[in-house]
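Novice: I'd like to go over a predicted model; first the sequence, then the structure.
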Amino acid sequence: MFLKKKPAVTVDARLKHIAFIMDGNGRWAKKRSMPREYGHISGAKTFKTIIRYCGDIGIRMITVYAFSTENWKRPKEEVDAILKLLSDYIDDAEASMDENNIRLVFLGDKSIFPPELRDKIDHVENISKDKELLLNIALNYGGRAEITHACNTLMASGRTSVCEEDLSAAMYTSHCPDPDLIVRTGGDKRISNFLLWQAAYAELYFTDTLWPDLKPAEIDKIVADFYGRKRRFGGI
């Protein structure tokens, strides 16, 4: 009988929520003289590995930037490949839901997607709503669009003035606390319209590693770096 290998690190309540900007799939494929779609296929495999590992070490909430409002500018073949991978992942998630115990929530404007994909999203959100671990997938998502949506929602309810708590409650992420840590792969040092409201006091970590090359061992280093920081939240 083989025993499951114990994770190299474990997390505590200081790191409840981690978010990933999964950058570098296209460049990873280009380095191998392959089409960008090939990079997204490899990136999808890494996504499954990293999500599983984060759960194993005790992170209860994860948010990933899967498809931004700006990504529609990419070639149609690449967009279609990304959406196909997403649809396949939803199918896999439903089939393994009891085993993985993951609640899926999709952040963003889903109205633009084909009805079949919207139905899949609604279905998997509904059947996973009581699961223990939370995975937010930002899809057709933009931070500015989210803030605008929250403001319009509040105005439509008759509000003429709001406080920060009102806005937080109207965000797509109202069901969870803000991320403690945002990780961007691929070498760029910006957050690219991701969780603009929620990132106010998040720790930021940037790595040159392209997303398909990200391994659990680097997650260990990222977690160790996080615990080496002092979070003051505006205090001293």
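Specialist: Cool, the structure landed. Numbering: from 1, shown residues only.
Novice: C-alpha from now on. contacts and neighbour counts both.
Specialist: Fine.
Novice: check the secondary structure at the residue nearest to the spatial centre of the chain for me.
Specialist: Closest residue to the average C-alpha location of the chain: V64 at 1.1 Å, with C-alpha atoms, centre = their mean. Secondary structure, DSSP: H, G, I helix; E, B strand; the rest coil: V64 is strand.
Novice: give the buried residues for the helix or strand bottoming out on mean pLDDT in the chain.
Specialist: Here the helix or strand of the chain ranked lowest by mean pLDDT, DSSP states H and E is helix 97-100, holding a mean of 86. By neighbour count with 16 or more other C-alpha atoms under 10 Å, helix 97-100 contains the buried residues M97.
Novice: need the contact partners of that helix.
Specialist: With contact meaning C-alpha atoms under 8 Å, 6 or more residues apart in numbering, helix 97-100 is reached by S128.
Novice: quick check: H40 vs I50, distance?
Specialist: 15 Å (C-alpha to C-alpha, to the nearest Å).
Novice: which of these two has more neighbours?
Specialist: Legend: neighbour count by other C-alpha atoms under 10 Å for H40 and I50, higher for H40 (23 against 16).
Novice: what's the spacing between the residue nearest to that one when sequence neighbours are not counted and K31?
Specialist: Distances taken as C-alpha to C-alpha, 6 or more residues apart in numbering place N25 nearest to H40, at 5.4 Å, with adjacent residues excluded. Using C-alpha to C-alpha, N25 is found at 10 Å from K31.
Novice: neighbour count winner among these two?
Specialist: Neighbours per residue, other C-alpha under 10 Å: of N25 and K31, the larger number sits with N25, 23 against 10.
Novice: what's the spacing between the residue nearest to R60 when sequence neighbours are not counted and V162?
Specialist: Nearest non-adjacent residue to R60, counting by C-alpha to C-alpha, 6+ apart: L133, 5.1 Å away. As for L133, its distance to V162 is 31 Å (criterion: C-alpha to C-alpha).
Novice: likewise P177?
Specialist: Distance of P177 to V162, computed by C-alpha to C-alpha: 19 Å.
Novice: could you do R60 as well?
Specialist: 30 Å.
Novice: which one's more surrounded, these two?
Specialist: In this comparison of R60 against V162, neighbours counted by other C-alpha under 10 Å, the higher total goes to R60 at 19 against 11.
Novice: contacting residues for the more buried one?
Specialist: Counted by C-alpha under 8 Å, 6+ apart, R60 has contacts K16, H17, C54, E132, L133, L134.
Novice: show me the contacts for T207.
Specialist: When contacts are counted by C-alpha under 8 Å, 6+ apart, T207 touches V183, R184, T185, G186, G187.
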